[in-house]
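**Q** What would the 3D arrangement of this be:
(2 chains)
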Protein chains: 2
Amino acid sequence: MEERKIILRELMKQSPADIAEILVDLSQNQATDLIHRLFLRNAAAEPLGEMDPDDSAELVVQLDRKEASEILSRMDPDDAADLLFELSDDIQQELLSRLSRSDAKVLSDLLAYPPDSAGGLMSPEVVPLSLTMTVQDAIHHLRSRVKDAETVYYAYAVDDENRLLGVLSLRDMALADPSRSLRDLVIRDAISVPVDADAEDVAHIFDKYNYFALPVVNSENKLLGVITFDDVIDVIREEATEDIYGLAGVPSEEGVDTTWAQSLKLRLPWLYVRLLTALAAAAVVGLFEVAIAKVAALAVLMGIIAGQGGSAGMQTVTIITRGMALGELDRSLGWRLLGKETLLGVANGVLIGATVGVITYLWKGQILMGIAVFLAMALNMIIAGACGVAIPLFVRKLGKDPALVSGIFLTTVTDMLGFGLMFAIAIWLLPEI
Amino acid sequence: MEERKIILRELMKQSPADIAEILVDLSQNQATDLIHRLFLRNAAAEPLGEMDPDDSAELVVQLDRKEASEILSRMDPDDAADLLFELSDDIQQELLSRLSRSDAKVLSDLLAYPPDSAGGLMSPEVVPLSLTMTVQDAIHHLRSRVKDAETVYYAYAVDDENRLLGVLSLRDMALADPSRSLRDLVIRDAISVPVDADAEDVAHIFDKYNYFALPVVNSENKLLGVITFDDVIDVIREEATEDIYGLAGVPSEEGVDTTWAQSLKLRLPWLYVRLLTALAAAAVVGLFEVAIAKVAALAVLMGIIAGQGGSAGMQTVTIITRGMALGELDRSLGWRLLGKETLLGVANGVLIGATVGVITYLWKGQILMGIAVFLAMALNMIIAGACGVAIPLFVRKLGKDPALVSGIFLTTVTDMLGFGLMFAIAIWLLPEI
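**A** Got it, this is the predicted structure:
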């Protein structure tokens, strides 16, 4: 018993982020027990705020509802809303009903924003300043409200109706003469984010301007909250994971901690989609069973032609979709890249095609078979290059995420064409079929 | 002429990040001309600092050397060092020789750190404070040095030998009683980054603790500089791009702005590696030419078996390598995942195998061929699941980046096994071969 207290005391010296990491590694019972003990010492809210919301939600549902709602009221509202978002509607309602009316209002307002929008990322804890203040007034005011603010490194000036007028940096205020008016220090054409902006667009703005906090406004330019860089780092990581997963056909919900039954449910549908496309490619091969029976070497070669087309095309798809995710690809560049990648397809196709053509000739001693392989490979790689640009552009035009579906379309094209071209050209050129 | 001046004046009202974006979109001649005009108005350094170093380096080499060195001396040293890093050794030396001795020393010290280390990310512009100061002294000191500091939102307390003692936040200082001693405000067990730390590890520390600046120290704990979150956002994006590219066999140097000749040179080697593995797989098929000539349907089916194994295995490789990149995968979890993914392989393999087996039976009316396809598919998918974990773990153990090479090893295994298993089982089961 005594020993446990010592461990707990040592633990509480750690930063909330470290305690959060420990909580994730414990079994659910141990973690719930630890949260309960931290709660009794008024130290449960911060570590829960540092955890992934799906992990913290799992813990909070294990707690007594009264305890859970008290912890929620002590968390930063943006973290608390993210946690609530992961819970079922009735647990959400039950916990909200136990909060003070003002806390409940703040959280249900936040829950109304989509999690991947600026509203879903922002913290409402921002201390607005009036331009009638002096620097000294402002610092005095910030000092009295410091507990309510997500960040005070920037403060935001508003008019009587809470409309955003400009930004004040704490740096400028701290280093200025205390008697100066805020009017002298305010930066008026400040960048702000509309509350319905897409999270990825918010990330691009942070990336470009290197601000570490940006104000969020509604359509009437009223100040609603603030987004800080740490929220954006999470968005950037998640966006990258989604793209990586999309290209490999992994559902974005997966991670190393997903149970095997969940993984099966998540991945199997994509494997069946992939199977459908493989069957379509096999159907193309099936059309040429007679040719295969006569020249079995064609079956040996067709996989190389389809595979190389797929590999080259996926290089293109990857560069195009990554460029799109990084916001580097506008319409005019799209057309230019179509030309570039088709040209690359010609160069790659001629070089790889010639290599495989020569190998085929050396293997079978038939010059015509070598030529057929060369032609099929070159054509497939040229089309792969063009499709590697055209497919993501087309998918984006449809309003879908190009990283998610472009790969499977591309390999379907390169497989079917790889097989079809090989056999069609062989039948045309080879006398024995 | 008059019109040009108006455009320039309007342009200079934009933020440096916006001007940087315009510079990237201009032709090289136009951009060089614009930089020259900005230089004459003392406004060239900031936009260049906002550009990718490879882009800004391309512009700077076009300038008169005297002009270039003056611009360098006005840039933030970390940006200037990144730019210099992209230049050839003799241009580097020529530009450094034109700088003041102290500027040249700062830049050549920075150039000595690898760009993907904490030293390569940091800015040396940090204003150290002594704990003997009061808050008022400190703010006064910071005010006089504000131009020299990368960030003054955090200040760092050092002893007489420049050893890091702790962190002071400008927030705490601005909001505290001006007569208090810094001793009362300093956070002593501050997190710092060793100068030789890997950039990706630095990113993980920022990610975990949500600091927006961290001090960098050498092995004697002496304060060398500071890293801010915006440097880390770039690291996170680049790390993600590298992983995405690695899985698709795209060299990390590529982007949407690479010329086609460069792209050819960069991508062709990987296509030849891929061709080698395809030839190895084709050699397996070649062993069974006789069987193919007898039962051409096998050639139709073998691609499906190899392809589904590859797809399922790549799902696993992607999840494992992404988990590694995010620092979520330790040794014990690795072993657990090997079990999980093998089990998933059994489940996926039985389900997909049964589907394809039934389709084969319906197509050819031969129950034995259906069973052969089922067995080959199930076995290939089980092995794909196990290899999808084992290959990245093994590659990491060798000290290589798992995202770069795991995919090609995996598909080589699933292709060769897919073909080999299909034919071996068919020969064993089917009476007509």
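**Q** Pull out the buried positions in stretch A:313-326.
**A** Judged by neighbour count (16 or more other C-beta atoms under 10 Å in any protein chain shown), stretch A:313-326 contains these buried residues: A:313-326. C-betas here are computed from N, CA, C, even on glycine.
**Q** Go through these and say which is closest to B:Ala386.
**A** A:Met314 (24.1 Å; C-beta to C-beta).
**Q** show me the contacts for the closest one.
**A** A:Leu247, A:Gly388, A:Gly407, A:Leu410, A:Thr411, B:Ala248, B:Gly249 (C-beta atoms under 8 Å, 6 or more residues apart in numbering or on different chains).
**Q** one step back: just the buried residues of stretch A:313-326 now: which is nearest A:Val300?
**A** The nearest one, if we look at the buried residues of stretch A:313-326 relative to A:Val300 and count by C-beta to C-beta, is A:Gly313, at 21.9 Å.
**Q** can you tell if the strand or helix carrying A:Ile205 touches chain B?
**A** A:Ile205 is located in helix A:199-209, with elements delineated by DSSP states H and E. Yes - under the criterion of C-beta under 8 Å from any C-beta of the partner chain, chain B is reached by helix A:199-209 at A:Phe206, A:Asp207, A:Lys208, A:Tyr209.
**Q** B:Ile233 is in contact with the first one, correct?
**A** Yes - in this structure, A:Phe206 sits in contact with B:Ile233. The criterion is C-beta atoms under 8 Å, and the distance is 7.0 Å.
**Q** what number of residues lie near A:Ala306?
**A** Residues within reach of A:Ala306, counting by other C-beta atoms under 10 Å in any protein chain shown, total 30.
**Q** Contacts only, for the closest residue in space to it that isn't next to it in sequence.
**A** By the measure of C-beta to C-beta, 6 or more residues apart in numbering or on different chains, the closest residue to A:Ala306 outside its immediate chain neighbours is A:Gly418, 2.9 Å from it. Counting by C-beta under 8 Å, 6+ apart, A:Gly418 makes contact with A:Met302, A:Ile305, A:Ala306, A:Gly307, A:Gln308, A:Gly309, A:Gly310, A:Ala376, A:Asn380.
**Q** Pull out the buried members of those residues.
**A** Buried residues within the contacts of A:Gly418, counting neighbours by 16+ other C-beta under 10 Å: A:Met302, A:Ile305, A:Ala306, A:Gly307, A:Gln308, A:Gly309, A:Gly310, A:Ala376, A:Asn380.
**Q** Which segments of chain A make up each domain?
**A** Following automatic domain parsing, one finds the domains of chain A at A:2-112, A:128-228, A:260-429.
**Q** The ones you listed: which one's closest to B:Glu50?
**A** Across the domains of chain A, the minimum distance to B:Glu50, taken as C-beta to C-beta, is reached by domain A:128-228, at 7.9 Å.
**Q** before we move on, back to that, out of the contacts of A:Gly418, what pair is the most spread apart?
**A** For the contacts of A:Gly418, the farthest-apart pair by C-beta to C-beta is A:Gly310 and A:Ala376; their separation is 13.8 Å.
**Q** mind listing the strands for chain A?
**A** Remark: strands of chain A, listed N- to C-terminal, are A:128-129, A:154-158, A:164-169, A:193-194, A:213-217, A:223-228; assignment by DSSP state E.
**Q** Which of those strands sits closest to chain B?
**A** Among these, the nearest to chain B by C-beta to the nearest C-beta is strand A:223-228 (8.0 Å).
**Q** So which elements touch the closest one?
**A** Helices and strands in packing contact with strand A:223-228 are listed as helix A:118-121, strand A:154-158, strand A:213-217; criterion 3 or more C-beta pairs under 8 Å, 6 or more residues apart in numbering or on different chains; DSSP states H and E.
**Q** at 7 Å what do you get?
**A** Contact here means 3 or more C-beta pairs under 7 Å, 6 or more residues apart in numbering or on different chains; DSSP states H and E; on that basis strand A:223-228 packs against strand A:213-217.
**Q** which other residues reach the strand it packs on?
**A** Under the contact criterion C-beta atoms under 7 Å, 6 or more residues apart in numbering or on different chains, strand A:213-217 has outside partners A:118-119, A:122, A:151, A:153-154, A:156, A:164, A:191-195, A:205-206, A:223-228.
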